[in-house]
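Engineer: just the structure for this:
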Amino acid sequence: MNPFSSGTRLRDMIRAIRACKTAAEERAVVRKECAAIRAAVSENDQDYRHRNLAKLMFIHMLGYPTHFGQMECLKLIASSGFPEKRIGYLGLMLLLDERQEVLMLVTNSLKQDLNHTNQYIVGLALCALGNICSAEMARDLAPEVERLMQFRDPNIRKKAALCSIRIIKKVPDLAENFINPAATLLKEKHHGVLITGVQLCTDLCKVSTEALEYFRKKCTDSLVKVLKDVVNSPYAPEYDIAGITDPFLHIRLLKLLRVLGQGDATASDSMNDILAQVATKTESNKNAGNAILYECVETIMSIEDNSGLRVLAINILGRFLSNRDNNIRYVALNMLMKAMSVDAQAVQRHRATILECVKDSDASIRKRALELVYLLVNESNVKSLTKELIDYLEVSEQEFKGDLTAKICSIVEKFSPEKIWYIDQMLKVLSEAGNFVKDDVWHALIVVISNASELHGYTVRSLYRAFQTSVEQESLVRVAVWCIGEYGDMLVNGVGMLDIEEPMTVTESDAVDVIEIAIKHHISDLTTRAMCLVALLKLSSRLPTCSERIKDIIVQHKGSLLLELQQRSIEFNSIIERHQNFSSTLVERMPVLDEATYSGRRAGTLPSTISTLSGPSPNLPNGITKKPPAAPLVDLLDLSSDDAPAPSASGGDFLHDLLGVDLSPNSSLPGTNQAPKSGTDVLLDLLSIGTLPPVQSSQSTPDILLSNEDGKIPLNTLEKLSSLSSLSMQSPSPSAAVPVIDLLDGFAPSSLTPEKNGPVYPSIVAFESSSLRVTFDFSKPPGNAQTTIIKATFTNITTNVYTDFIFQAAVPKFLQLHLDPASSNTLPAIGNGTITQNLRVINSQQGKKPIVMRIRIAYKANGKDVLEEGQINNFPQEL
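Structural biologist: Here you go, the predicted structure:
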């Protein structure tokens, strides 16, 4: 016999396919067999039709196309014999799905079989309908399925109930037809029918509120009775699993009770007793019992409030955490995270067990337990939990240190009771896992340290000790270098010694050793080495006896291939050699950053409330952007338009307000078309990477600005050392001339002269509302037609005092705008004074395009935030 003829048995074809050694051989066998089946189909071979379809199903499972055999399924279904129908329906379910148009042809056959006298054929039709039923078939055949739910045979009733679930999911409008039949099934004694009836009721409640209300009123008590009977039923071998009677029925009943009790106090009360019975009587030493207990806990957590039951449920989850099975512990942790929003106090009782799960060998359990611990932390337990987590950080695996470090830092920052504790914990984290700490974390630590003036000495000594044992931790080294640069004299002189500290002696040479070691250990890290050079410059003034040694260390980088280090080395060396007369003023301690402002910038917006680590909030200086959540600055700037105005260089420039250094293009030659700087990193100043501090005195001392951290400002330092042009800065007083000092070559040949105002232009009322009036006065400096100096005067026309007054402005791209600080941030009531602020506008299209400006004014009146916006178009044309 031909091995690939239509008479070949299925097992022979399977043997032939399995004997193939390559995919090509398999494809050849399948291709020949499909050709033989096609020939049999075309010849209408009825004797082997069922065998051919069985082969096609196997070929389909191997992934080969079998669409040519779909009509054979319909022919077998239409035959009268049970064996042919069985193969036909099996092929229908396997080879077709509800999207096939061929399926429309089988609806009539299904209807006939649902009404067949042979219950086995009825069962075949129900099984097929439950698997491939489409919306059209559901509407056509729903009456037959509903009738079969009352059939005498329990197997048919069970299959009809399962088929009904498919129908109501496809056509929810038909749900009302199945409510009464489904309620009848809940009285069944046969567990197979009962479990399908419970599932049908559950799905009906999800798709129909009418069904949900019906079952709540009519069936809740009967369901409670059924569950009670199942819980208390004697041993039944046909249903018993691990000593528990039908755990599957247990779980289905609990799920339905959860749906019925959610949001309904009456239904919840009626099921409280049975839920307590299930929770206390079910054995937890077998997996079946644990599954029932888990569903019971889910139900207790979902129904209406019963504090006693919820404590019982959380205690069950606590027992789950001690189970050896990782899956049980994982689901318990997941459920405890949900329970935190319901009864956090009950979860707190299992804190010790949850902490043990953080140390688990399974990575998924560790991560989930860490997330739960993070939710457990509050002001009362932050110290104990943080200590446990930091102790574990010392022995944790490398791949887990990143997540653990991030959570510890977040906990410490969020719940810190005092600054000294915050600093101690952060130093421990930096010492153990400093390489895993993100930049914004150690930036925030520096901000806190700079604000804690009474802890400067303690902090720098703690960092000195930590550095000796953890020099390889990059973030720790950066913080230590910054602090020693700032407070090195306190380290050497033992200033600010606290009672809890052990006495220690640090010489000036020891302090410099720390910086030198940091440079050698982190030779590949540009940021750390740059910070070290800045720290050395500061120590040259604070520790004068080591200035020669410091100079030797700095000079070593004059030949560095990295432009940033090379430039710093040359400039710092020049300061030490030639400018000792003002170097001490140049390297004064950094101004204190406001913690609330920095926290707001870190989060993306300035907060209205202050961090728990900071003291009372000072008034924000004018020019600091205080964005209301509902009106972001993008709205003011209209960035989506073609003529989008460029933001002011000082409107949100923290560095300008902090240092009084003009970073806008107006510092350069007038008339140059330079894009204004914006978004300057707040910490550039604090870390001494981008700028040196300004002179805070009335003497003729210059402000000096160095290159930024990335080395992207083309100063041509190395090529033109002898002819470096002077870096001019405006004097704090516009009437006083200040000599300009070249950093490398001494005094420049020229000096600034006081500006003289040009012709005066008529004043305008730029903006007026029911509460505020803004007037602009104009003037131009001689010989510079493109530059306009605007004096803005803000007048309060109400009887209320305005505090936290902030003025912002934006202009199109062809304009450049610079805002000077305002005269005050408090605007008195009407008749008691005004606020003035100077603006400088450079119009690169002067004479072609007029000045236009959008403004935003924010202030507080009677404790409420007020925001006013407007556009100014009435500037004089000649500007």
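Engineer: now for the host helix or strand of Leu204, which elements pack on it?
Structural biologist: Taking DSSP states H and E as the definition, Leu204 sits inside helix 191-207. Here helix 191-207 touches helix 154-170, helix 179-185, helix 209-218, helix 247-261, going by 3 or more CB pairs under 8 Å, 6 or more residues apart in numbering; DSSP states H and E. Bear in mind the C-beta positions are built from the backbone N, C-alpha and C, glycine included.
Engineer: now that helix: buried residues?
Structural biologist: Of all the residues in helix 191-207, those buried under the rule 16 or more other CB atoms under 10 Å are 191-205, 207.
Engineer: what does that helix contact?
Structural biologist: Identification of contacts with helix 191-207 by CB atoms under 8 Å, 6 or more residues apart in numbering yields 154-155, 157-158, 161-162, 164-165, 168-169, 172, 175, 178-179, 182-186, 188, 211-212, 215, 219, 223, 226, 239, 246, 248-249, 252-253, 255-256, 259-260.
Engineer: buried subset of those residues?
Structural biologist: Using 16+ other CB under 10 Å, the buried ones in those are 154-155, 157-158, 161-162, 164-165, 168, 175, 178-179, 182-183, 185-186, 188, 211-212, 215, 219, 223, 226, 246, 249, 252-253, 255-256, 259-260.
Engineer: checking my notes, Val774 in a helix, right?
Structural biologist: No: with DSSP: H, G, I helix; E, B strand; the rest coil as the criterion, Val774 is assigned strand and is not in a helix.
Engineer: check what pLDDT it gets.
Structural biologist: Listed pLDDT for Val774 reads 93.
Engineer: would you confirm that it contacts Ile764?
Structural biologist: No: counting by CB atoms under 8 Å, Val774 does not reach Ile764; the two are 9.5 Å apart.
Engineer: who has more neighbours out of these two?
Structural biologist: Neighbour comparison, Val774 and Ile764: the larger count goes to Val774, with 22 against 16 (by other CB atoms under 10 Å).
Engineer: now for the helices and strands packed on helix 191-207, which one comes closest to Gln556?
Structural biologist: Closest to Gln556 of the helices and strands packed on helix 191-207 is helix 247-261 (CB to CB; 71.9 Å).
Engineer: got the angle for the closest one vs helix 209-218?
Structural biologist: 100 degrees (axes from the mean of the first three to the mean of the last three CA atoms, to 10 degrees).
Engineer: burial count for Asp391?
Structural biologist: Using other CB under 10 Å: Asp391 sits among 13 other residues.
Engineer: now Asp362: phi and psi?
Structural biologist: The phi/psi pair for Asp362 (degrees, to the nearest 10) reads phi -80, psi 130.
Engineer: that one against Asp325, yeah?
Structural biologist: No: assessed by CB under 8 Å, Asp362 is found out of contact with Asp325, at 10.7 Å.
Engineer: okay, those two: which has more neighbours?
Structural biologist: The residue with more neighbours, out of Asp362 and Asp325, is Asp362; 14 against 11, by other CB under 10 Å.
Engineer: what is the neighbour count of the nearest residue to that one once chain neighbours are set aside?
Structural biologist: The shortest distance from Asp362 to any residue other than its chain neighbours is 5.0 Å, reached at Asn326 (CB to CB, 6 or more residues apart in numbering). Using other CB under 10 Å, Asn326 has 13 neighbouring residues.
Engineer: for Leu404, list the residues it contacts.
Structural biologist: So Leu404 contacts Val358, Leu370, Leu389, Tyr392, Leu393, Ser396, Ala433 (CB under 8 Å, 6+ apart).
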